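Undergrad: need a structure here:
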Amino acid sequence: MIKEFEFYHGVVLSKLVHYDGNEVKIKLYPSPTNASYILNNNIGLYIKHSTKRMSPWRFTFQRDHQDEIAEMAKRQSEMFLLLVCGEDGIVVLNFQELKVILDHFHQETEWISATRTKNTEYTIKGSDGKLKYKVGKKDFPRKIFSMNNSIDYLQVAL
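TA: This next block holds a predicted model:
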């Protein structure tokens, strides 16, 4: 039997493999959540999905989810959260962006919401804040493979 998360993770992994001719190596990150992967030996990926058809999409984070993401961020050169918004698209957030909306103090349960109207970008909010800018559908997977990833997106956040 195919599990629900396998469909949603499959779309993320497929888009990574097919992006712009990049060669990729994907490994499962050892964790109980089945949500974490290592891309090209040094990029952490954590995938959440919502089966909801339309905006807003809401994602729940337990303390152990956030702890796992933080641990991956320490061990990898880059860390990305990928939010699969039903069949609409995928939101990609780097670790610095994630910490704007879910800070370093992990409550037992927290949330992120992604909202979007037709032909617009995603507005991202979380338990601890809101991004001051919108995230585009085309940011994934380009943002992950960008050579100057940390510099480009950190400057936008400031």
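Undergrad: and stretch 77-86, how far out from the chain's middle?
TA: From the chain centre to the centre of stretch 77-86 is a distance of 1 Å (CA atoms, centre = their mean, to the nearest Å).
Undergrad: do you know how far Asp46 is from Arg53?
TA: For residue 46 the amino acid is Tyr, not Asp. 23 Å (CB to CB, to the nearest Å). Yep, even glycine has a C-beta here, placed from its N, CA and C like the rest.
Undergrad: Same drill for the two, tell me which one is more crowded.
TA: Counted by other CB atoms under 10 Å, Tyr46 and Arg53 do not tie: Tyr46 has more neighbours, with 25 against 10.
Undergrad: I'd like the mean pLDDT over the strand or helix carrying that one, please.
TA: Tyr46 belongs to strand 43-50 when assigned by DSSP states H and E. When pLDDT is averaged over strand 43-50, the result is 97.
Undergrad: which helix in this structure runs the most residues?
TA: Longest helix in the chain by number of residues (criterion: DSSP state H): helix 4-18.
Undergrad: if I read this right, Lys48 contacts Ile90, doesn't it?
TA: No - the pair Lys48 / Ile90 is not scored as a contact, 10.4 Å apart, by CB atoms under 8 Å.
Undergrad: shared neighbours of the two, which are they?
TA: 82-84 (CB atoms under 8 Å, 6 or more residues apart in numbering).
Undergrad: circling back: tell me which other helices or strands the longest helix of the chain touches.
TA: Contacting helix 4-18 under the criterion 3 or more CB pairs under 8 Å, 6 or more residues apart in numbering; DSSP states H and E are the following elements: strand 26-28, strand 43-50, strand 78-85, strand 89-94, helix 139-145.
Undergrad: Identify each buried residue in the very next helix or strand once past the second one, please.
TA: Read it as strand 43-50. Next helix or strand after strand 43-50 toward the C-terminus (DSSP H and E): strand 57-62. Across strand 57-62, burial judged by 16 or more other CB atoms under 10 Å covers 57, 59, 61.
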